[in-house]
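> please find the sequence and the predicted model below.
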Amino acid sequence: MSKIDCNRLTRLGGLFEESVQEGQIAGGNLCVLHRGEAVYYAEAGYADIAARRKVARDSIFRLYSMTKPVTSAAVMMLMERGVIDLLDPVSRYIPTFADIRVAAPEGDVAVNRQGRLAFQPGESWRYGTGADILGAVVEAASGVRFGEFLSREFFEPLGMKDTGFSLDASKRDRLTKVYERTPDGLVEYHGNHLGICNHMDADIRFESGGAGLVSTIEDYRHFAQMLMNGGAYQGRTYLMPSTVAYMTGCRLYPHQQMMMAGWDSLAGYSYSNLMRVLTEPSLAVINGSRGEYGWDGWLGPYFANMPEVDTTFLMMVQLKDSGTFTLTRKLRNVLAAAII
């Protein structure tokens, strides 16, 4: 049975602080859970550099693609209840998909234009807007807005009080600023990406299943632990263990896996129900464990559950065009060295 050397975990905070001092990130926080308990937490730097407002445990971050595991759980819940069938045509829930056609190839590349998908379903795999479509499917199948479904079924009972597609005005002073690297250092980023309102100060109509949620590290910890517990948390069952095993254990077919060949940061991983799954640790560019799963976001937030060693790693930062970046890999390797 694995153990954690907590003395070694202090290096995680040191790396975080060094990254702030070197201007790599403005700030952020991280958390390590082992056997369901928080064994390490660190925060460093600023949520708002200009205002000198430091990152705190209740700082709110934009998840971007770290929204996807939540959308996946919602689909699994409806599948488990017999509401949807994974072989249902999307048009059953979104009628305009009835006329989608596969584009004719130009050279060796299938071009996606004029409402056409890039290949026949199942023929290949491509990371894209599928999670947004699934959010709409959940909304149609459940009969309530996607955000309302997530709040009712997950966020409220899990105690995720700061997670959602919109942000009350009373909470906006806890929303971290977004930064981007420039030759002159970090500067604040004010653009919008993937249809998401960066400042979270608008009437949100597009509840993006692929990128729309905001959350805190404490809130996401509850969701991650629910999955690690096989679908249960604090006495309540959200998904059955067999459903979580299915959700986190499927992978791409060999002919689909080829589409990940150029994704260097995910060497050794496959893709399962909107998450990465480590299938070949010897090929990975981090020291991970077989069967670990999770995802990251465009601004650098990162989630990994590692069932083999009963450990969860969470990190929240807000750096443009990050995803899984150098700091993430360094921190994961330090964590791996602390698991004995």
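Yep, that arrived.
> number of nearby residues for Ser170?
Ser170 has 7 neighbours, counted by other C-beta atoms under 10 Å. Heads up, the C-betas are built off the backbone N, CA and C, glycines and all.
> repeat that for the one 10 residues further on.
Glu180: 16 surrounding residues under other C-beta under 10 Å.
> what's the answer for Met226, then?
Met226 has 22 neighbouring residues, counting by other C-beta under 10 Å.
> for Gly195, same thing?
Gly195, neighbours per other C-beta under 10 Å, totals 12.
> cool, the one 10 residues further on as well?
Burial of Arg205, expressed as a neighbour count using other C-beta under 10 Å, amounts to 10.
> contacts only, for it.
Not one residue lies near Arg205 by C-beta atoms under 8 Å, 6 or more residues apart in numbering.
> cool, and the one 10 residues further on?
Contact criterion C-beta under 8 Å, 6+ apart gives Ile60, Phe61, Leu63, Met160, Asp162, Thr163 as the residues in contact with Ser215.
> start to end distance for stretch 145-154?
Taking C-alpha to C-alpha, to the nearest Å, the span from the opening residue of stretch 145-154 to its closing residue is 14 Å.
> distance from the chain centre to it, please.
17 Å (C-alpha atoms, centre = their mean, to the nearest Å).
> ok so, going back, of the contacts of Ser215 - the most surrounded one?
Going by other C-beta under 10 Å, Phe61 tops these with 30 neighbours.
> which ones are touching that one?
Here Phe61 is in contact with Gly28, Thr176, Val214, Ser215, Thr216, Ile217, Leu299, Pro301, Met316, Val317, Gln318 (C-beta under 8 Å, 6+ apart).
> burial measure for the last one, as a count.
If I follow you right, that is Gln318. When counting by other C-beta under 10 Å, one arrives at 29 neighbours for Gln318.
> swap in Thr243?
17.
> does it belong to a helix, a strand or coil?
helix (DSSP: H, G, I helix; E, B strand; the rest coil).
> how near is it to Met1?
Per C-beta to C-beta, to the nearest Å, Thr243 is found 26 Å from Met1.
> please enumerate the helices of the protein.
6-21, 68-80, 130-142, 146-150, 156-158, 217-228, 241-249, 254-257, 326-338 (DSSP state H).
> Gly209: which of those helices is closest?
helix 130-142 (2.4 Å; C-beta to C-beta).
> does anything pack onto the closest one? Which helices or strands?
In this structure, helix 130-142 makes packing contacts with helix 68-80, helix 146-150, judged by 3 or more C-beta pairs under 8 Å, 6 or more residues apart in numbering; DSSP states H and E.
> list the buried residues of the shortest one.
Looking back up the chat, that one is helix 146-150. The neighbour-count check on helix 146-150 (16 or more other C-beta atoms under 10 Å) flags Phe146, Gly147, Phe149, Leu150 as buried.
> cool, stretch 19-38 as well?
19-20, 24-34.
> check stretch 59-75 too.
Neighbour-count burial for stretch 59-75 [16+ other C-beta under 10 Å]: 59-75.
> next one: stretch 78-89
Leu78, Met79, Glu80, Ile84.
> next, the distance between the ends of it.
15 Å.
> not counting that stretch itself, show me its contacts.
With contact meaning C-beta under 8 Å, 6+ apart, stretch 78-89 is reached by Val75, Tyr93, Phe97, Ala98, Val137, Val138, Ala141, Ser142, Leu239, Met240, Thr243.
> what count of nearby residues applies to the third one?
Put plainly, it is Phe97. For Phe97, using other C-beta under 10 Å, the count is 16.
> you'd agree it is up against Pro121?
No. Between Phe97 and Pro121 there is no contact under C-beta atoms under 8 Å: 11.1 Å.
> need the residue closest to the centroid of the protein.
Met66 (1.7 Å; C-alpha atoms, centre = their mean).
> could you export the helices of the chain to CSV, including columns for mean pLDDT and distance to Ala202?
Listed next are the helices of the chain as CSV, based on pLDDT from 0 to 100; distance: least, C-beta to C-beta, whole Å:
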stretch, mean pLDDT, distance to Ala202
helix 6-21, 97, 30
helix 68-80, 98, 21
helix 130-142, 97, 18
helix 146-150, 98, 14
helix 156-158, 98, 23
helix 217-228, 98, 22
helix 241-249, 97, 32
helix 254-257, 89, 37
helix 326-338, 98, 30
